[in-house]
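predicted model follows, preceded by the sequence.
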Amino acid sequence: MVGLFARLKDGLSKTRQGLVGKVEELFTGRKRIDAELYEELEDILIQSDVGVDTAMDLVEAVRAQVKAQKIDDPAMLTDVLKEQIAAMLGSETEPLNLQEGSLTVIMVVGVNGVGKTTTIGKLAHQLKAQGKRVLLAAGDTFRAAAIDQLEIWGSRVGVEVIKQQEGTDPAAVAYDAVQAAKSRKVDVLIVDTAGRLHNKANLMEELRKITRVIGRELAGAPHEVLLVLDATTGQNALSQAKLFSEVAGVTGIALTKLDGTARGGVIIGIMHELSVPVKLIGIGEGLEDLREFAAGDFAAALFESR
Ligand SMILES: Nc1nc2c(ncn2[C@@H]2O[C@H](COP(=O)(O)OP(=O)(O)OP(=O)(O)O)[C@@H](O)[C@H]2O)c(=O)[nH]1
Ligand SMILES: [Mg+2]
């Protein structure tokens with residue numbers, strides 16, 4: 001069996017080639033640490049979707065370390081950068097806010113196509129493997145296909161799906177689902193939502209309404225509003241995160257599609273520029289390809305070449 005860390009490293013290979021490969025090429029190709037080198041480092045970081053502000057802060061942090069440690073060999077900068085990225089990501093793992101011994105409601109939000117339904121399927125699988133009773137709610141009533149897709153995941157993973165017809169008010173589906181979860185003594189209810197409506201204001205209003213209904217039926221719920229972001233969209237993911245966390249009360253981020261993209265650097269920007277933590281990462285389309293985001297492992301996997 002391929003180890004978990006190896007699988008993570010594998011998933012991050014394109015980001016590693018892009019970001020770390022270019023950085024190492026820069027550091028080994030230079031004889032001196034000078035202003036030009038810092039400028040090129042900043043360019044590489046920006047190109048890797050770290051974000052302009054974060055790129056500037058990172059370069060500043062590297063510069064301060066170089067001064068403090070009196071480093072004059074550019075070849076030593078890879079380790080310095082790795083340490084600064086690790087420091088920026090923090091060492092804490094932020095687990096999902098699961099209620100011990102009572103019902104937890106997780107609402108999953110995000111624009112269309114980012115991987116909400118897939119993430120729900122993977123998460124349901126994980127929770128079930130931990131011995132939890134899981135129920136899904138088909139709160140994306142905008143398209144019939146969305147309900148079908150969640151049902152396919154449900155039967156694949158072996159968990160039930162609460163659904164109504166296409167076009168039903170998703171808040172009504174959420175209401176039903178909370179009732180069902182209570183009477184069936186479910187541990188975790190995961191609510192899927194639409195990523196696309198007629199317009200953005202409608203979507204946000206709908207999300208607020210679902211949240212209200214869930215909270216009325218179960219005090220303290222939803223316990224987790226998980227925003228799903230697609231890493232391949234780079235800086236777009238960062239702006240979606242800003243938008244959703246303002247209106248939808250996001251408590252955690254799941255960053256998907258880190259496999260197959262060189263834009264994984266966006267996670268550094270998200271962690272640095274937002275107060276919402278990345279809790280889960282998606283590194284493939286399979287059932288097992290969802291991980292808790294552990295910053296230390298991430299930084300190590302990013303920099304380790306073999
Ligand atoms: N490579 C890869 N693909 C992923 C990952 N997560 C999701 N996908 C793929 O992304 C596509 C869209 O995923 P969905 O789960 O349907 O996205 P959604 O957000 O529910 O989309 P809507 O319901 O249209 O809003 C699917 O083809 C998934 O297989 C991931 O971590 N890695
Ligand atoms: Mg979906």
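On my side now, so go ahead. Ligands and ions are numbered 1, 2, ... in the order given.

got the contact list for residue 292?
Under the criterion of C-beta atoms under 8 Å, 6 or more residues apart in numbering, the neighbours of residue 292 are 93, 95, 279, 280. Glycine gets a C-beta too; all of them are placed from N, C-alpha and C.

how about CSV for those, with secondary structure added?
Formatted as CSV, the contacts of residue 292 follow (DSSP: H, G, I helix; E, B strand; the rest coil):
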residue, secondary structure
93, coil
95, coil
279, strand
280, strand
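
tell me which of the residues you listed is nearest to ligand 2?
Closest approach to ligand 2 among these (C-beta to the ion): residue 280, at 16.0 Å.

next, residue 121: secondary structure please.
helix.

so which helix or strand takes in residue 215?
With secondary structure defined by DSSP states H and E, residue 215 is part of helix 200-217.

next SSE downstream of that helix?
Downstream of helix 200-217, the next assigned helix or strand under DSSP H and E is strand 224-230.

touching, residue 49 and residue 235? I think so.
Yes - taking C-beta atoms under 8 Å as the definition, residue 49 is a contact partner of residue 235 at 5.9 Å.

need the residues touching each of those two.
Jointly contacting residue 49 and residue 235 under the rule C-beta under 8 Å, 6+ apart are 266, 269.

returning to what we had before: list the buried ones in the helix holding residue 215?
Across helix 200-217, burial judged by 16 or more other C-beta atoms under 10 Å covers 203, 204, 206, 207, 210, 211, 213, 214, 217.

is it possible to get JSON lines of those residues that adds pLDDT and distance to ligand 2?
Listed next are the buried residues of helix 200-217 as JSON lines, based on pLDDT from 0 to 100; distance: C-beta to the ion, whole Å:
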{"residue": "203", "pLDDT": "86", "distance to ligand 2": "13"}
{"residue": "204", "pLDDT": "88", "distance to ligand 2": "17"}
{"residue": "206", "pLDDT": "91", "distance to ligand 2": "14"}
{"residue": "207", "pLDDT": "93", "distance to ligand 2": "14"}
{"residue": "210", "pLDDT": "96", "distance to ligand 2": "15"}
{"residue": "211", "pLDDT": "95", "distance to ligand 2": "18"}
{"residue": "213", "pLDDT": "97", "distance to ligand 2": "20"}
{"residue": "214", "pLDDT": "98", "distance to ligand 2": "18"}
{"residue": "217", "pLDDT": "97", "distance to ligand 2": "23"}
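
quick one: which of those is nearest ligand 1?
Using C-beta to the nearest ligand atom, residue 203 comes nearest to ligand 1 of these, at 10.4 Å.

quick one, domains of this protein?
The chain breaks down by automatic domain parsing into domains covering 4-89, 104-303.

what parts of the stretch 201-306 of the chain come near ligand 1?
Residues of the stretch 201-306 of the chain found near ligand 1 (C-beta under 6 Å from any ligand atom) are 228, 256, 257, 259, 260, 282, 283, 284, 285, 289.
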